[in-house]
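# Sequence and predicted structure below; questions after.
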Amino acid sequence: MKAALWYDAKDIRVEQITEPIVDKDQVKIKVEYCGICGSDLHEYAAGPIFIPVGEPHPISNDKAPIVMGHEYAGEVVEIGANVTDISIGDRVCVEPIYNCGKCASCLKGHYNVCEQLGFIGLSGGFGGFSEYSVLPSKMVHKIPENMTWEQAALVEPTAVAVHAVRQSELRIGDSVAVFGTGPIGLLVIQAAKAAGASRIIAVEVSPERREIAKQLGADVIINPIEVNPVEAIKQITNGLGVDVAFEVAGIEVTINTAIESTRSEGNVVNISIWEKPASIPMNNFILTERKMTSIIAYRNIFPQVIQLIANGRIQAAELITKKISLENIVSEGFEALIKNKAQIKILVKP
């Protein structure tokens, strides 16, 4: 079968590999769509970050080259002997977290901060940039008939946004600023709106992304090239700053701007995966009693996110700007996302 494999930064190859065999606790999915994630883009541009290179991942037992792709959905075409809750023909999306199930975090249900955390498509396994994926049945969730394949492929990134809003402790009526309106930032806007935010401010340099942010629920749009975002946000919020700021750009100046734009005792939520360290003046927290919440992925949330998308509360499919074939994943996928900020979410159809 065809699959896209990560070998090194700027070295992803579409190759023919052996079709995977189903083990007793696994299911085989014919992949319909798989989204290119910001994490995939980080691996392409500056990896390895999550991808194991020297030593294999302790759960997947794989190391580079690995089959990429973790935002995906498809039809179950085969099941293992021990699988009883999934049937051939089921339409499913994938929750791609590898976790050990034994560490302190896993034992209290917080498997997204497992000591051996990994992701299928980043840490090994047969990811979604392939014709077929084989994975443990516990990683799949059935989707309703009224959900499209495109929507189903976006459950995974939407779960990140919903988890971030939940962890932020956002209350009905709170003001919010979202710094960076790529796919996750745009989904955070929608999740914050669904959670009852009274005013949502989007800070974004790209004119195309500013326009989409407005369409998807941002009340105020700020171009940080034209105005000082801290001053603008303070003016909008009667000098206080927002109750919650979400940092979704992964740039040092952006995280510091987010901190300064948050009110005293407010919350700065870091969602970004960072390619390099950032310098943060800690007194900007200490002297204001601001706090920072960092999130990774999601936990115990997929069924709710599926319903939020299926019932239209979150318009995830509005982020899709292009659908491409697997053969063109580098030129029309990864390179397009790097060079053209008008591209938001690109789906790959293996």
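Thanks, I have the structure now.

# Could you list the low-pLDDT ranges of the stretch 151-300 of the chain?
Low-confidence segments of the stretch 151-300 of the chain, defined by pLDDT under 70: none present.

# Phe129 and Leu326 touch, don't they?
Yes - Phe129 lies in contact with Leu326 (CB atoms under 8 Å); the separation is 6.4 Å. C-beta here means a position set from N, CA and C on the backbone, and glycine is covered the same way.

# Mind checking which of these two has more residues around it?
Phe129 (30 against 19; other CB atoms under 10 Å).

# can you tell me the distance between the two ends of stretch 4-23?
Its first and final residues considered, stretch 4-23 spans 22 Å by CA to CA, to the nearest Å.

# Which residues does it contact?
Applying CB atoms under 8 Å, 6 or more residues apart in numbering, the contact partners of stretch 4-23 are 1-3, 28, 43-48, 51, 64-69, 78-80, 126, 129-134, 326-327, 329-330, 334, 348.

# Restricted to helices, list the residues you listed.
Among the contacts of stretch 4-23, DSSP state H puts 43-46 in helices.

# all helices of the stretch 251-350 of the chain, in order?
252-260, 283-286, 302-310, 335-339 (DSSP state H, counting those that start in this stretch).

# what's in contact with the second one?
Residues outside helix 283-286 that contact it (CB under 8 Å, 6+ apart) are 256, 259-260, 290-292.

# Now do the phi/psi pair for the most centrally placed residue in the chain.
Residue closest to the average C-alpha location in the chain (CA atoms, centre = their mean): Pro157, at 3.5 Å. When read as degrees, to the nearest 10, the backbone of Pro157 gives phi -70, psi -30.

# Next: the one 4 residues further on.
Dihedral angles of Ala161 (phi, psi; degrees, to the nearest 10) stand at phi -70, psi -40.

# same check, this time on the one 3 residues further on
Listed backbone geometry of Ala164 is phi -60, psi -40, with angles given as degrees, to the nearest 10.

# From Glu115, how far off is it?
Counting by CB to CB, to the nearest Å, the gap from Ala164 to Glu115 is 22 Å.

# Same check on Val31?
Per CB to CB, Val31 is found 30 Å from Glu115.

# So between these two, which is more surrounded?
For Val31 versus Glu115, neighbours defined as other CB under 10 Å are more numerous around Val31 (27 against 12).

# Enumerate every residue touching the more buried one.
Going by CB under 8 Å, 6+ apart, Val31 touches 69, 72-74, 128, 130-133, 350.

# which phi and psi does it have?
Given degrees, to the nearest 10, the pair of backbone angles that Val31 has is phi -70, psi 130.

# Not counting sequence-adjacent ones, nearest residue to it?
Distances taken as CB to CB, 6 or more residues apart in numbering place Gly74 nearest to Val31, at 4.4 Å, with adjacent residues excluded.

# Emit the PyMOL select command for whichever of the contacts of stretch 4-23 are buried.
A single PyMOL command selects the buried members of the contacts of stretch 4-23 (16 or more other CB atoms under 10 Å):
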select buried, resi 1+3+28+43+44+47+48+51+64+65+66+67+68+69+78+79+80+126+129+130+131+132+133+134+326+329+330+334+348
